[in-house]
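Student: A structural model of the following input is requested.
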Amino acid sequence: MNQEFLQWVQNWTEKLPSRVFEDFDEPEKIAVISVDMVNGFCHKGALASKEVEHIIPNVVNVFKKAKNYGVNHFLLLEDAHSQNAEEFTAYPPHCIKGTEESETIPEIANLSFAKEFQIFKKNAWSPAYDTTIDTYIKDHHKLDTFILIGDCTDICVYAMALHLRMQSFANNIKRRIIVVANSVATYDMPIKTAEELKVMPHDAKTLHAIFLYHMALNAIEVIKEIK
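Tutor: Presented below is the predicted three-dimensional model:
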């Protein structure tokens with residue numbers, strides 16, 4: 001491992017710029033995309049994580065600031081797995097369709113403008129398969145700025161960001177994709193715990209930083225926060 005590079009990435013994340021909504025496009029051209037802010041990743045279940053739970057206030061603030069700016073496109077990507085989902089060969093059963101785990105966290109669901117949310121349920125961590133989000137974006141062709149928040153930085157958020165970017169590259173679409181670093185997170189699995197559970201370890205801080213870097217490497221704007 002190149003320690004000098006890892007230190008560079010760490011220093012880069014500490015110097016990320018902050019933005020305000022006025023730095024982005026007109027409200028009608030902006031969509032806020034919340035990824036997997038459901039009970040099963042925040043409050044209960046096999047994949048519930050304190051790291052993700054801790055970003056809830058920041059995520060809620062992005063929702064509120066977006067609404068105050070005049071944004072009306074709020075797209076919620078949420079796990080809702082079938083009982084015998086193939087994904088469970090990689091991860092323990094979680095967020096099964098129809099259970100409390102698959103529901104939007106109350107901190108977001110209880111917002112006064114929740115009726116405006118467009119919810120897209122998914123059976124895999126990539127939005128490119130078996131969802132209608134691409135159809136929604138195509139139908140709302142004025143959308144050119146996408147602000148991503150939620151979890152996990154290195155899995156579902158990364159998949160959504162790269163999907164939007166590869167789609168724009170393939171079709172020569174001018175598109176602004178923004179990831180808000182203090183409003184995304186990933187889970188932590190220390191080596192000792194992983195060895196006891198016979199699973200792969202997962203260092204939250206390292207992977208959070210590395211995947212923010214990789215998204216930035218692919219023309220995705222990574223910012224510290226939205227003030």
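
Student: Check which helix or strand residue 76 maps to.
Tutor: strand 73-79 (DSSP states H and E).

Student: which helices and strands does that strand pack with?
Tutor: Judged by 3 or more Cβ pairs under 8 Å, 6 or more residues apart in numbering; DSSP states H and E, strand 73-79 is in contact with strand 30-35, strand 117-122, helix 133-139, helix 156-171. Using the backbone N, CA and C atoms, a C-beta is placed for each residue, glycine as well.

Student: Any buried residues in the longest one, and which?
Tutor: Spelled out, it's helix 156-171. Neighbour-count burial for helix 156-171 flags 156, 157, 158, 159, 160, 161, 162, 163, 164, 165, 168 (criterion: 16 or more other Cβ atoms under 10 Å).

Student: for the record, mean pLDDT for that helix?
Tutor: Average pLDDT, helix 156-171: 97.

Student: who touches that helix?
Tutor: Under the contact criterion Cβ atoms under 8 Å, 6 or more residues apart in numbering, helix 156-171 has outside partners 33, 35-36, 77, 79, 125-128, 134, 146, 148-152, 173-175, 177, 179, 184, 211, 214-215, 218-220.

Student: How far off centre is it?
Tutor: What separates the centre of helix 156-171 from the centre of its chain is 12 Å, taken as Cα atoms, centre = their mean, to the nearest Å.

Student: May I have that helix as PDB, with CA atoms only?
Tutor: The C-alpha coordinates for helix 156-171 follow below in PDB (Å, rounded to 0.1, in the frame of the first residue of the first chain):
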ATOM      1  CA  CYS A 156     -25.000   2.200  -3.200                       C
ATOM      2  CA  VAL A 157     -24.100   5.900  -3.300                       C
ATOM      3  CA  TYR A 158     -21.000   5.000  -5.500                       C
ATOM      4  CA  ALA A 159     -23.200   2.900  -7.800                       C
ATOM      5  CA  MET A 160     -25.700   5.700  -8.200                       C
ATOM      6  CA  ALA A 161     -23.100   8.400  -8.900                       C
ATOM      7  CA  LEU A 162     -21.200   6.200 -11.400                       C
ATOM      8  CA  HIS A 163     -24.400   5.200 -13.100                       C
ATOM      9  CA  LEU A 164     -25.400   8.800 -13.600                       C
ATOM     10  CA  ARG A 165     -21.800   9.700 -14.800                       C
ATOM     11  CA  MET A 166     -21.400   6.700 -17.200                       C
ATOM     12  CA  GLN A 167     -24.800   7.400 -18.600                       C
ATOM     13  CA  SER A 168     -23.800  11.000 -19.300                       C
ATOM     14  CA  PHE A 169     -20.500   9.900 -20.800                       C
ATOM     15  CA  ALA A 170     -22.100   7.300 -23.100                       C
ATOM     16  CA  ASN A 171     -24.700   9.700 -24.300                       C
END
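
Student: residues contacting residue 46?
Tutor: 40, 91, 92, 93, 94.

Student: so the third one makes contact with residue 81?
Tutor: No - between residue 92 and residue 81 there is no contact under Cβ atoms under 8 Å: 11.0 Å.
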